[in-house]
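Participant: structure of the sequence below:
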Amino acid sequence: PLLSGQYRADRVAASDVRLALQQRDDDSNNWTFDNAPDTEDDSTSFSARDAAGIDIRQVDLDNITITFQSGSARPFEFRLDQLDAALPLGGGVTLKAKGMVERTLPYQLAINGGPLRDLLRGKPGWPVSLQLGFADGVLVAQGKLGEKGSALSFGLGAPDLAQFGKVIGVKLPNAGAAGLSGEVAIRPGLVRLERVSAMLGKSSMAGWLQLDARPQTPLLTGSLALVALDLRPFLGQDDKDEPPTDLRALYRSLAKAQIDLQALDDIDADLRLGVGQWLSLPGDIRNASMRLQASKGKLEVPVEALVEQVPMRGRLLIDGRADAVPAISLTFNAEQSPIGGLSRFLLGVPGIEGRLGGLSLALNARGARGDALMRSLTLSMQLRQSRLSYGNLEGGKPVSFNLDQMSLSVGGEKPLEIGRAHV
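Facilitator: Next comes the predicted model:
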């Protein structure tokens, strides 16, 4: 077989093996070595064409433990209790494996594919199916692989999304139960998700996403329609707690949020989002539409939403450039609208009714993380040409008044300021 370029074995086996991989702070490691100087005679090299002649009828691995440590971080352990595989020449690849991640997360893996020779020689459309079972969840995928492009359909069901992330070595939001399906197309430097349907905790969405890694700064584009959105798991918060019911509770909640605004420097984006109901904010916020545009560390988001039955338009600006102190600016405006529940939402005062002539809100904060942002937060509000009444409660006596102009500002190091109130 060797003379004909084939590497044949009836059985390859290993057991009771422990590998310790170390990544040092200077990016060197203990698993790569300096290559010998290149020579014109490359007869000792092992190419993909050579590998295409592999003919192994049975592979048995038992009790294999791999630990990985990066710098002074806690080691990560992956255990392979059992693996059975076959790589027959001209036949399809089969693999079954089971083991444990971090000594507490069991997994089972099954892969079926086309002939290994076709894959290594770059033949397009190599068929593959995969099933990964983990902690009462499952990931299934099937499709075709190739050097110039791959296409897979996939489905994921997980009772605990964060635990699944630990199994595959990716940090995922602590959103609880999750379901995700779609189709992924992969080309060099480009990944596109189509027909995405997802439920992540209390959030549900559908649409498409694309990541283009070919530019110097990767570009994320897409369009998502969200029936409901709860941002707390994506901010490192627990969605099992009751959402904030007023602005004071929202302030305390955001102070604990794991926000890193300078991460905006790592990726550009152009995303369109439609949100039917926003669950993680106080008040009744519905039918929000926004476009997220991020470039060179700056994010701009025009927003339209129905806030406590009042149509409002606004704009969110975030400057997360690494060479400056991160800053957030949010403005909202409403014109010629019933006041709805805004008085209760903004001031905690019930029983106010009437019509707004004009309302402007502005919020500004500086800092890279949630606690710093909340300490520096300032809020200003202006009310113009409004006809209102108070005392609209059971047993109350409503009193009407006209408000020509009022301004209010609070937050940061400044005390509450109320100015230019004309009734």
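
Participant: use CA for all of it now, contacts and neighbours both
Facilitator: OK.

Participant: show me where the stretch 51-200 of the chain has its helices.
Facilitator: Counting by DSSP state H, counting those that start in this stretch, residue ranges of the helices within the stretch 51-200 of the chain are 116-120, 161-168.

Participant: the shortest one - contacts with which helices or strands?
Facilitator: This means helix 116-120. helix 48-51 (3 or more Cα pairs under 8 Å, 6 or more residues apart in numbering; DSSP states H and E).

Participant: how far does stretch 251-266 sit from the chain's center?
Facilitator: 14 Å (Cα atoms, centre = their mean, to the nearest Å).

Participant: need the distance between the two termini of that stretch.
Facilitator: One end of stretch 251-266 to the other measures 27 Å (Cα to Cα, to the nearest Å).

Participant: which stretches of this protein have low pLDDT?
Facilitator: Residues of the chain that meet the criterion pLDDT under 70 lie in 1-6, 33-52, 238-241, 412-423.

Participant: mind naming the longest strand for it?
Facilitator: strand 54-70 (DSSP state E).

Participant: does anything pack onto that strand? Which helices or strands?
Facilitator: Counting by 3+ Cα pairs under 8 Å, 6+ apart, strand 54-70 packs on strand 7-9, strand 12-23, strand 76-87.

Participant: in JSON lines, list those along with distance to residue 267.
Facilitator: Below are those laid out as JSON lines (distance: least, Cα to Cα, whole Å):
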{"stretch": "strand 7-9", "distance to residue 267": "45"}
{"stretch": "strand 12-23", "distance to residue 267": "26"}
{"stretch": "strand 76-87", "distance to residue 267": "28"}
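
Participant: and the ones you listed, which is most packed in?
Facilitator: Neighbour counts (mean count of other Cα atoms under 10 Å) averaged over each of the helices and strands packed on strand 54-70 peak at strand 76-87, with a mean of 19.

Participant: neighbouring strands for that one, and are they parallel or not?
Facilitator: strand 54-70 (antiparallel), strand 92-101 (antiparallel) (DSSP bridges).

Participant: can you list the buried residues in the longest one?
Facilitator: Yep, that's strand 54-70 we're talking about. Using 16 or more other Cα atoms under 10 Å as the test for burial, strand 54-70 gives 54-59, 61-62, 64-66, 68-69.

Participant: and stretch 245-264, by the same measure?
Facilitator: Quick answer for stretch 245-264 (16+ other Cα under 10 Å): 246-247, 251, 253-259, 261-262, 264.

Participant: kindly reformat the helices of the stretch 51-200 of the chain as JSON lines containing mean neighbour count and distance to residue 201.
Facilitator: Shown next, in JSON lines, are the helices of the stretch 51-200 of the chain (neighbours: other Cα atoms under 10 Å; distance: least, Cα to Cα, whole Å):
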{"stretch": "helix 116-120", "mean neighbour count": "20", "distance to residue 201": "38"}
{"stretch": "helix 161-168", "mean neighbour count": "19", "distance to residue 201": "9"}
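
Participant: ok so, going back, in a markdown table, list the strands paired with strand 76-87 along with distance to residue 331.
Facilitator: Output for these, formatted as a markdown table (distance: least, Cα to Cα, whole Å):
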| stretch | distance to residue 331 |
| --- | --- |
| strand 54-70 | 43 |
| strand 92-101 | 46 |
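
Participant: quick one: which of these is nearest residue 212?
Facilitator: Among those, the nearest to residue 212 by Cα to Cα is strand 54-70 (28.0 Å).

Participant: and that closest one, how far out from the chain middle?
Facilitator: Averaging C-alpha positions (Cα atoms, centre = their mean) puts strand 54-70 32 Å from its chain's average.

Participant: now it against strand 12-23, angle please.
Facilitator: Following axes from the mean of the first three to the mean of the last three Cα atoms, to 10 degrees, one obtains 30 degrees for the angle between strand 54-70 and strand 12-23.

Participant: which residues does strand 54-70 contact?
Facilitator: 6-25, 75-89, 117 (Cα atoms under 8 Å, 6 or more residues apart in numbering).

Participant: buried ones in stretch 265-279?
Facilitator: 265, 267-279.

Participant: please, where are all the helices along the stretch 301-423 of the chain?
Facilitator: Counting by DSSP H, counting those that start in this stretch, the helices of the stretch 301-423 of the chain are 342-347, 370-375.

Participant: deepest in the core, which of these is it.
Facilitator: Buried most deeply of the helices of the stretch 301-423 of the chain, by mean count of other Cα under 10 Å, is helix 370-375, with a mean of 19.

Participant: residues in contact with that one?
Facilitator: The contact list for helix 370-375 (Cα under 8 Å, 6+ apart) reads 251, 254-259, 365-367, 412.

Participant: kind regards, and thank you for your time.
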